[in-house]
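Colleague: Next input, structure requested:
(chains A and B)
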Protein chains: 2
Amino acid sequence: MKPRPLQRVLPILDWGRAYSRQDLGSDAVAAVIVTIMLIPQSLAYAILAGLPPEAGLYASIVPILLYAMLGTSRVLAVGPVAVVSLMTATSIGAVAEAGTAGYAVAALTLAGLSGAILLAMGVLRLGFLANFLSHPVISGFITASGFLIALSQVRHLLGIGAGGGTLPEMILSLWGHLGDVNPVTLAIGGGSVAFLLWVRRGLNPVLRRLGLGLRAADIAVKAGPVAAVAAGTLAVWALSLEGRGVAVVGEVPQGLPPLTMPSFSPVLLGQLFVPALLISIIGFVESMSVAQTLATRRRQRIDPDQELIGLGAANLGAAFTGGYPVTGGFARSVVNFDAGAATPAAGAFTALGLAAAAFWLTPLIQFLPVATLAATIIVAVLSLVDITTLRRAWAYSKADFAAVAVTILLTLGLGVEAGVSAGVILSVGLHLYRSSRPHIAEVGLVPGTQHFRNILRHKVITDPALVTFRPDQSLYFANARFVEDHIFERVAPGGPVRDVVLMCAAINEIDLSAVETLEAINARLRDIGVRLHLSEVKGPVMDRLKGAHFLHEMTGEVYLAQYDAFSALAPEAARRVFPADLPDEMG
Amino acid sequence: MKPRPLQRVLPILDWGRAYSRQDLGSDAVAAVIVTIMLIPQSLAYAILAGLPPEAGLYASIVPILLYAMLGTSRVLAVGPVAVVSLMTATSIGAVAEAGTAGYAVAALTLAGLSGAILLAMGVLRLGFLANFLSHPVISGFITASGFLIALSQVRHLLGIGAGGGTLPEMILSLWGHLGDVNPVTLAIGGGSVAFLLWVRRGLNPVLRRLGLGLRAADIAVKAGPVAAVAAGTLAVWALSLEGRGVAVVGEVPQGLPPLTMPSFSPVLLGQLFVPALLISIIGFVESMSVAQTLATRRRQRIDPDQELIGLGAANLGAAFTGGYPVTGGFARSVVNFDAGAATPAAGAFTALGLAAAAFWLTPLIQFLPVATLAATIIVAVLSLVDITTLRRAWAYSKADFAAVAVTILLTLGLGVEAGVSAGVILSVGLHLYRSSRPHIAEVGLVPGTQHFRNILRHKVITDPALVTFRPDQSLYFANARFVEDHIFERVAPGGPVRDVVLMCAAINEIDLSAVETLEAINARLRDIGVRLHLSEVKGPVMDRLKGAHFLHEMTGEVYLAQYDAFSALAPEAARRVFPADLPDEMG
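Modeller: Model (predicted):
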């Protein structure tokens, strides 16, 4: 690894030097818009995570500043996001009671662990690991999580005390508490959902007709939750609905993010390690896909390893300032981008705006009904639910479909951690299974050429005493035995075959296990009086083979071209110009 | 899956029908020789497993009979083997105290679980899973285990009470007990080791000079342990050495294998599941490699899935008749083969011989010194230690060397289970890492031909506005992003490139994730004004792609041959006959 220039380690040095007055203007406008959008969202996601609402604000201040200095995306907006909030609730719910001091400390610890994991992965340049989450698995996981999140908020809409972390648990619990529904809460919650859905679907055309530009109308739509929150708060305050059983956010401490300490208890760290790892990976994958999409549109570059460092620092920041695990969010980043953010300074200004909100606006939040926050979450996560993936996967391949379907079912049935773990294991397992059974073509000479093609797909010239196999994959420990079996299914003792050629055109690598298998193949063939030859061995593979004994033991020759092997071993057939008669349907 | 004919499910129907008098003769001779060899070996391995010596005899009777009916190898000899005995000691030592009834029940349960796992794998045709143990990992594991086994027996040679399951523990424990060495035991043990080593190295030439044939001399050498055991027993009995602190086997119950029951306690089953899985896999791999080697020499076939069933039944048999986990052993199978065994009936006769031994010979065993049995184990397992693998792997590739070295170090340092688990994870991880970074060649036209080759290895014709990439591997979720990054490192916005061609000649499969990545590549290229084309897409891949939206979105064309793409997109370059000037060293 070569050391990286300072500008890549601290991207702020890159864009900061060229910062212009025009950039300042764009960034400031974007920051105001994003701040307005983030206030209700941060409160709501904190509640989803089972934390006091201010934790969501805190998690959006210092982390954003750290990411602005270290991240490579110009427009990524870091903070609490829906799926990570749900994963946080699930994993710290397993080690502490919601609402206790231990719960908050566990959330800080989870953020700290996740930050440390992300930083370590960045320093070790393990960004490529995220590639092992296949798209179908991610999309199945996000869809199922969105569904779980929406369902987890229904109890707030109804004003009842249900719980559960999986689909069956949630449904049973909701069912059991149906008698306790608070009608006023239901009215506020239902009204908020209806209003937000209308804002999403119906407001845009109205604003356009009133003369607003396309972009302005879009941004106004994103501010819908603020209007809902304001209206809900006003209604509770004016009509004293708190006395009629409507749950409200309640008193929120007024001030800047506090300095906090995560726990360093080995037991707690041990319990939270796997959840923190899963949260880190899911958060990183989600963040990268947003950052990548937006960067492409402006022809900017994202460095995955530096992103790990930026997100790691942001999570460590959250751990020490009263937050919880954060990552780059989709909705907020798109708004930031659309509002014209030019540099990460927009993020820094957003952080200032949210700090101001934590300082001055918190008294106003006291009467904010939880049902309204729940409504904003439900409407937001509905966009995560995307069952078209299932249809696409089904149309494309049954194996991909199985990966999505299993991930969705396990996430719904067993919870987020089991779902995503099973999805990863399934993807990797399917891949290993496939690559352990490579395609092996038996090839023959295309008449009038020096080309060799699959005897099953083309009319080719062959010789009964000579069989040529072309494995279409590198040979390694998991598929070498398969190749051996394949050869000995075709080449039986006492048959007409005298020579076997392995055409190595598609083999980029042969590992030590595969060399030993080649030795075994050679010995087994020798025992039944058949010689083994190689052809078209690539340069680097040949260099490797020269370091092994195999070439000395091999009974046959190494031919540069397959045609050379064919001419030498089946000279008569090589002179033929027409293939042997084949049934027409094989042509 | 098609149903298998009865003969494949019960291989005994195959060879049993053609059984001849000549076969009977060969089998009976082989059985006598193997029986003589197995008596001391079975006793010794049972002691290695921490069990009473008769458990080794019992484990060689019913399991052999069951394997003879169900297994596909004609000469494999099933029973206790060194590595599996050590693994048994380690895993049941963790749940029960050696010498207690609970320990024996745990051994039965381990055999039962292992049998069930092997049977299930056989029915589900999961024999291919064994391929995921790479040769270097297996050989490293066997070498380290052999070393641990030899060291674990040193305490018996010295007559001291040391313990430990890992190299550092054993050394510390031996060191701590060095003061207790029993000189008489040491004399017997040391004498046995010296005698056995001489038998191995020096007896054969002596016998040959005395006129014995090569094969007869070999077989006499294998009977060496019997002589040592007889001499040791006689010495203890005649000189009453038991009174001078020499540990002996002691009274052994006389009779046929008892009917026993493994435990069905869910807690115990849960504790033993992972050890049983590892024992099953290691046992299966060891057995398969012996069976495969011997079958090839006689041009017979081994069916891995049926082998799983045979070994599974053998282990279940061990569980219900006082044994412990068994598998096909190397030494005993080779002796069986060399002694001329023709069919599995030889195994059945061996089982009868051992049953007779359990019935009549056990009283003689009473004075057998444990030190002599330890000596037979030490000398036997020394042949497992094979450090040439380390040298071979080093010469061949550093990655393979790392796999062997880590497996050896972890097995010695952390024990057999950690060692083999780490080895598997390492092999699979290395493979995944490699396959997530496929070789991607940028290719150009070889002058005067229609062939395209790597521009770094050949003098080829290229066009600055056209870049052709040839990924040398199928595209799937773990490597698709790598291909994307590779393209965008080469094709920068504002550069001369107008067209990118992906030459798909080496691509056998594209999964849904990779299709989505191709869509992303297409969109990113479109955003910077570059078109994406495909060439030489294989038939099955094309069929798949037609089920996806990608082909409709793609900005460029699909060309049958790469030359067609080149002629269409860079017609001027295609007419050139000489490559552009290249620095000589790149030619």
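Colleague: Up against chain B, what does the stretch 351-500 of chain A have?
Modeller: A:392-393, A:395-397, A:399-400, A:427-428, A:431-439, A:457, A:472-474, A:476-482, A:488, A:493 (C-beta under 8 Å from any C-beta of the partner chain). Bear in mind the C-beta positions are built from the backbone N, C-alpha and C, glycine included.
Colleague: from the residues you listed, which ones fall inside helices?
Modeller: Of the positions in those, A:392-393, A:395-396, A:399-400, A:427-428, A:431-435, A:477-482, A:488 sit in helices, assigned by DSSP state H.
Colleague: So the residue lying closest to A:Asp303 once chain neighbours are set aside: helix, strand or coil?
Modeller: Ranked by C-beta to C-beta, 6 or more residues apart in numbering or on different chains and with sequence neighbours excluded, the top spatial neighbour of A:Asp303 is A:Thr72, at 4.8 Å. For A:Thr72, the assignment made with DSSP: H, G, I helix; E, B strand; the rest coil gives coil.
Colleague: neighbours around A:Thr72, how many?
Modeller: 23 (other C-beta atoms under 10 Å in any protein chain shown).
Colleague: Could you do A:Ala514 as well?
Modeller: Counted with other C-beta under 10 Å, the neighbours of A:Ala514 add up to 25.
Colleague: In terms of helices and strands, where is it?
Modeller: helix A:512-527 (DSSP states H and E).
Colleague: and the angle for the helix or strand following that helix with helix A:512-527?
Modeller: For helix A:512-527, the succeeding helix or strand toward the C-terminus, using DSSP H and E, is strand A:531-535. With axes from the mean of the first three to the mean of the last three C-alpha atoms, to 10 degrees applied, the angle from strand A:531-535 to helix A:512-527 works out at 140 degrees.
Colleague: give me the number of residues near A:Gly211?
Modeller: By other C-beta under 10 Å, the residues close to A:Gly211 number 8.
Colleague: Likewise for A:Ile138?
Modeller: So A:Ile138, with other C-beta under 10 Å, has 24 neighbours.
Colleague: pLDDT wise, what is it at?
Modeller: Turning to A:Ile138, the model gives it a pLDDT of 81.
Colleague: how close does A:Arg209 get to A:Ala223?
Modeller: Distance, A:Arg209 to A:Ala223, using C-beta to C-beta, to the nearest Å: 18 Å.
Colleague: Could you chop chain A up by domain?
Modeller: Here the domain assignment for chain A is A:20-428, A:440-586, based on automatic domain parsing.
Colleague: the strands in the stretch 1-150 of chain A, which residues?
Modeller: Using DSSP state E, counting those that start in this stretch, the strands of the stretch 1-150 of chain A run over A:78-79.
Colleague: Name the residues of it found near chain B, please.
Modeller: A:128, A:131-136.
Colleague: So of these, which two are at opposite extremes in space?
Modeller: Spatially, the most separated pair among the residues of the stretch 1-150 of chain A next to chain B is A:Phe128 and A:Pro136, at 18.9 Å (C-beta to C-beta).
Colleague: neighbours of the residue in the stretch 101-250 of chain A that chain B sits nearest to, just the number please.
Modeller: Across the stretch 101-250 of chain A, the shortest distance to chain B (C-beta to the nearest C-beta) belongs to A:Ser134, at 3.3 Å. Neighbour count of A:Ser134, defined by other C-beta under 10 Å: 29.
Colleague: Could you check how many residues crowd around the closest residue to it other than its chain neighbours?
Modeller: Of all residues not flanking A:Ser134 in the chain, B:Phe477 sits nearest, at 3.3 Å (C-beta to C-beta, 6+ apart). Neighbourhood size, B:Phe477 [other C-beta under 10 Å]: 27.
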